[in-house]
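**Student:** Below: sequence and its predicted model.
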Amino acid sequence: MNTEYKLYNITRLNKWKKYTSMFKNKNLIQEVLPDHALEDYKLDLQKAEIELNELDKKLNYLNTLRKNQNIFKNLHQAKINGLTYRVFKELEKNETILSGLEKFKPIKGYCSSIEYNQTNTITGRLTTTKHSPNILTLPARCRKIFESSWQQEGQLLYIDFKTLEPRVIRKINGKEASDDIYLEIANTLDFEVDRIIIKRGIISTLYGSTATISGLSKERSDAVLEATKKYFDLSSINQKASYVHDVGCRINFFGRPIWNIEEEQGNKIVNNFVQSTAVDVALSYFSELCDKIDLKLCKPIFIIHDALVLDVHKDYIDTCKNIVQTGYTCSQLGHFPIDICNLSETF
């Protein structure tokens, strides 16, 4: 419930929390609390609930948020290879990375559960809680510390959306995209260009990072940028992203509040809108996937933004791959292709 309050920018007085933070013994709390404290807390909660429901009548996002919790409810602890973990700790020279590794210290073979925060960023892009292992910032090479809970009888599989944010923009504008967006844009040019150049062009066009693309003449750089602007219909997505709802915030495609009305830079407004919408697409798929797979043989262990890592028993690997390779069909935005590979291929 706190996630919902924070998401809708609802502040509670939290008198009960203020009082209870002073005591570890719950029985003692009851003895020393003022008679009115619990009643005040209940009243605060009722007021917050009324405000929440009134706001959601206009934004209609809570059902989406609650459905997307299914993935978090089904996450398992990750199995750590103790020997590999110790080797990484001994060899790591970067103090920040070493500090991050220490939070994955195995207890009876497993690291602590990873806990995510959905309201720590404007867009809903996931962060981890303060005391949780931070899989989001752990370097890819350090993923070697993880192993299947079935050991030789299982594998860790990595599933990921293909170019999710660019694809979201096309779909919001009512247009489809091929499996290879970079090639699709490159084919509109009258000169050959590397995929990495197209990728830079997309970043520059959508998020305004630069006026030219390094490695190209100004003429060709302008051509690539113009091709990407046309492909994504930038003026249309900018108009949708900039819209301020009458409750006093911008919203993503699904209605999630984006509290950035003080932001005036168009590229940042577009970035917030697209990233927030992509977060909902990813969490919606991961949550629905939990209803399609056999959770006894296929255990979700952590989310890395647009990707999900599964611990899969060897007898279920082919079935799992077949399910994932069909992609994700969002009822509002249509079909999204999904990649699947062994986690070891991401090192």
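**Tutor:** Yep, that arrived. Numbering: from 1, shown residues only.
**Student:** can you map out the strands along the stretch 1-150 of the chain?
**Tutor:** 79-80, 116-117, 127-128, 146-147 (DSSP state E, counting those that start in this stretch).
**Student:** So for Leu234, which of those sits nearest?
**Tutor:** Ranking the strands of the stretch 1-150 of the chain by proximity to Leu234 (Cβ to Cβ) places strand 127-128 first, at 28.7 Å. (Each C-beta comes from the backbone N, C-alpha and C, glycine too.)
**Student:** name the element the closest residue in space to Phe253 that isn't next to it in sequence belongs to?
**Tutor:** Closest residue to Phe253 apart from its sequence neighbours, by Cβ to Cβ, 6 or more residues apart in numbering: Thr277 at 4.2 Å. Taking DSSP states H and E as the definition, Thr277 sits inside helix 266-292.
**Student:** ok now do Thr329, which residues does it touch?
**Tutor:** By Cβ atoms under 8 Å, 6 or more residues apart in numbering, the contact set of Thr329 is His335, Phe336.
**Student:** Swap in 7 Å and give it another go.
**Tutor:** Residues in contact with Thr329 (Cβ atoms under 7 Å, 6 or more residues apart in numbering) are His335.
**Student:** Give me the three-state assignment for it.
**Tutor:** strand (DSSP: H, G, I helix; E, B strand; the rest coil).
**Student:** Could you check how far it is from Phe336?
**Tutor:** According to Cβ to Cβ, to the nearest Å, Thr329 stands 8 Å off from Phe336.
**Student:** Quick check, Ile202 in contact with Thr228.
**Tutor:** Yes - using Cβ atoms under 7 Å, Ile202 is in contact with Thr228, at 5.4 Å.
**Student:** would you list every one of the helices in the stretch 51-200 of the chain?
**Tutor:** 62-67, 70-73, 82-91, 95-102, 164-172, 181-186, 195-207 (DSSP state H, counting those that start in this stretch).
**Student:** how close does Arg66 sit to Arg200?
**Tutor:** Counting by Cβ to Cβ - Arg66 and Arg200 are separated by 38 Å.
**Student:** So these two - more neighbours on which side?
**Tutor:** Arg200 (22 against 12; other Cβ atoms under 10 Å).
**Student:** I'd guessed Arg167 sits against Glu176; true?
**Tutor:** No - the criterion here is Cβ under 7 Å, and Arg167 misses it with Glu176 at 9.2 Å.
**Student:** So the two - more neighbours on which side?
**Tutor:** Arg167 (23 against 9).
**Student:** Disregarding flanking residues, what is the spatial nearest neighbour of the more buried one?
**Tutor:** Arg167 sits nearest to Ala177 (Cβ to Cβ, 6+ apart), 5.1 Å away.
**Student:** Just the pLDDT at the one you found, thanks.
**Tutor:** Ala177 carries a pLDDT value of 90.
**Student:** looking at the strands of the stretch 1-150 of the chain, which is closest to Pro139?
**Tutor:** strand 146-147 (12.9 Å).
**Student:** Partner strands of that closest one and their direction?
**Tutor:** strand 79-80 (antiparallel) (DSSP bridges).
**Student:** shouldn't Ile71 be in contact with Pro300?
**Tutor:** Yes - proximity of Ile71 to Pro300 meets the contact threshold set by Cβ under 7 Å, at 6.4 Å.
**Student:** nearest spatial neighbour of Lys321, skipping sequence neighbours?
**Tutor:** Using Cβ to Cβ, 6+ apart, the closest residue to Lys321 is Ile340 (5.6 Å).
**Student:** didn't that neighbour look like it was pressed against Val324?
**Tutor:** Yes - at 4.5 Å, Ile340 counts as touching Val324 under the criterion of Cβ under 7 Å.
**Student:** Which one's more surrounded, those two?
**Tutor:** Neighbour comparison, Ile340 and Val324: the larger count goes to Val324, with 21 against 17 (by other Cβ under 10 Å).
**Student:** The more buried one sits in which helix or strand?
**Tutor:** Going by DSSP H and E, Val324 is part of helix 317-325.
**Student:** What lies in contact with that helix?
**Tutor:** By Cβ under 7 Å, 6+ apart, helix 317-325 touches Gln155, Leu157, Ile159, Lys292, Ile293, Cys298, Leu310, Val312, Ile338, Ile340.
**Student:** let's see 6 Å
**Tutor:** Identification of contacts with helix 317-325 by Cβ atoms under 6 Å, 6 or more residues apart in numbering yields Gln155, Ile159, Lys292, Cys298, Val312, Ile338, Ile340.
**Student:** Would you mark the buried spots in stretch 255-265?
**Tutor:** Gly255, Arg256, Pro257, Ile258, Asn260, Glu263 (16 or more other Cβ atoms under 10 Å).
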